[in-house]
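Asks: build me a structure from this.
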Amino acid sequence: MNPSSRSFRSRYIWPAIFDGLKRRGVDFDFALTERNGDTSDLARRAVARGFGTIVAVGGDGTINDVLNGLFEPGSENAGASFGVLYTGTSPDFCQNHGIPLDLEAAMDLLVSGRPRMIDVCRISHSLEQGGPAHLRLFSCCANFGLGAAVARGANTGFRKRFGDLGGTLISLITSIARFRPPAMRVRLDGVEYIYSNMYNLFVGKGRLVASGIKLDLPIEPDDGLIYVVPLAGISKFRMCSLVPRAYFGTLPRLFKPMFARRVEILEWGDAGEIEYDGDPRGFLPATIRVLQKSLPLIAPA
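Replies: Below is the predicted model:
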């Protein structure tokens, strides 16, 4: 459970969660995150103790951290089933998988639902510019380009003032104004592509990303594929004019989507920053590989 989710307001919801689980006859234990980085460790310890289901209580950031604790280093399958009770700021993961945002409905799902196997993505990148490669997992989408700047702007103030959708939209517009799009070299299943003026490269599984942006794509949670959507080769004015399309799901009609099992982002003008599942996480170069049907998720069939 993440006390800092929803700007530290989620803690006031916990009594209702405890009461709801007890009313449903659930035998459970809980742990609170105390500092950045310990969420994955708490999940890892719970798996080691033999808990069959690990539940993340928070938003997309907490979900990502718990997800990373379910997989042993180098493992391609989770060590326990995964559930979510949403109390966070960004609901992309829940909306992508049909998990109710209402807590009572989500608790009903936890006790009555059966896990279904979904894909997750494993990404290799450095935590510092020029540093050694580091392995992590993500479930929704990784962004190369504007993504890190948009997430940082939204997380450091805009969301608190304007809400999740409004804060992200304002951060997106201000980030476009400041951004200088570089060239990028990308390899998909061994085939290389070179792009100019890359504003953002979407790589992932989720059709809903960045707190409201929609990608209308033919991809399924368990199909073993990763989508790649390059917003490249356009002017800053054109990029600004496309912002409304980002929220109606029509960007893939203008920028040809591709699908792969392995994606390598090889070059950036400077050491490009990486964002995935809602937070800036590190730097390029990066390699992403899909782990098909590796996570048993408690979600509607």
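Asks: drop to CA atoms for contacts and neighbour counts, all remaining ones
Replies: Noted.
Asks: doesn't P221 make contact with R116?
Replies: No: in this structure, R116 is not within contact of P221 by C-alpha atoms under 8 Å, at 9.8 Å.
Asks: looking at the two, which is more packed in?
Replies: Here R116 and P221 are compared on neighbour count by other C-alpha atoms under 10 Å; more neighbours surround P221, at 21 against 18.
Asks: so the more buried one: helix, strand or coil?
Replies: Three-state assignment for P221 (DSSP: H, G, I helix; E, B strand; the rest coil): coil.
Asks: residues touching it, list them.
Replies: H97, I118, D119, K205, G206 (C-alpha atoms under 8 Å, 6 or more residues apart in numbering).
Asks: what about A142, which helix or strand?
Replies: Element membership for A142, per DSSP states H and E: strand 141-145.
Asks: what's the offset of that strand from the middle of its chain?
Replies: Counting by C-alpha atoms, centre = their mean, to the nearest Å, strand 141-145 is centred 10 Å from the centre of its parent chain.
Asks: ok, then the element right after that strand?
Replies: Following strand 141-145 in sequence order, the next helix or strand is helix 147-153 (DSSP H and E).
Asks: check which helices and strands that next one sits against.
Replies: helix 159-178, strand 273-276, strand 279-298 (3 or more C-alpha pairs under 8 Å, 6 or more residues apart in numbering; DSSP states H and E).
Asks: switch the cut-off to 10 Å
Replies: Applying 3 or more C-alpha pairs under 10 Å, 6 or more residues apart in numbering; DSSP states H and E, one finds that helix 147-153 contacts strand 141-145, helix 159-178, strand 200-204, strand 273-276, strand 279-298.
Asks: nearest to R35, out of those?
Replies: strand 279-298 (15.8 Å; C-alpha to C-alpha).
Asks: buried set for the closest one?
Replies: By neighbour count on 16 or more other C-alpha atoms under 10 Å, the buried set for strand 279-298 is 279-298.
Asks: now that strand, how far from the centre of its chain.
Replies: 9 Å.
Asks: now the residue nearest to A46 when sequence neighbours are not counted: how far from T156?
Replies: Among residues not flanking A46 along the chain, I54 sits closest, at 7.3 Å (C-alpha to C-alpha, 6 or more residues apart in numbering). For I54, the distance to T156 equals 29 Å [C-alpha to C-alpha, to the nearest Å].
Asks: before we move on, the earlier item: ok, which of the helices and strands packed on helix 147-153 comes nearest K236?
Replies: Per C-alpha to C-alpha, nearest to K236 of those: helix 159-178, 7.3 Å.
Asks: for the next helix or strand after that closest one, buried residues please.
Replies: Next in sequence after helix 159-178, counting helices and strands by DSSP H and E, comes strand 184-188. Residues of strand 184-188 classed as buried: M184, V186, R187, L188 (neighbour count, 16+ other C-alpha under 10 Å).
Asks: and the last one, what are its bridge partners?
Replies: Taking DSSP bridges, one finds V191, V263 as the beta-bridge partners of L188.
Asks: could you do the first one as well?
Replies: Beta-bridge pairing of M184 under DSSP bridges involves Y195.
Asks: that one contacts I265, doesn't it?
Replies: Yes: judged on C-alpha atoms under 10 Å, M184 makes contact with I265 at a distance of 7.5 Å.
Asks: joint contacts of the two?
Replies: Common neighbours of M184 and I265, using C-alpha atoms under 10 Å, 6 or more residues apart in numbering, are F144, Y193, L201, G272.
Asks: looking at those, which is nearest H134?
Replies: Using C-alpha to C-alpha, those come closest to H134 at G272, 15.5 Å.
Asks: return the helix or strand in the chain with minimum mean pLDDT.
Replies: Lowest mean confidence among the helices and strands of the chain (mean pLDDT, DSSP states H and E): helix 159-178, at a mean of 78.
Asks: how far does it sit from its chain's centre?
Replies: The chain centroid and the centroid of helix 159-178 are separated by 18 Å under C-alpha atoms, centre = their mean.
Asks: also stretch 22-42?
Replies: On C-alpha atoms, centre = their mean, the centre of stretch 22-42 falls 20 Å from that of its chain.
Asks: what do you get for stretch 264-274?
Replies: Centre-to-centre, stretch 264-274 and its host chain are 19 Å apart (C-alpha atoms, centre = their mean).
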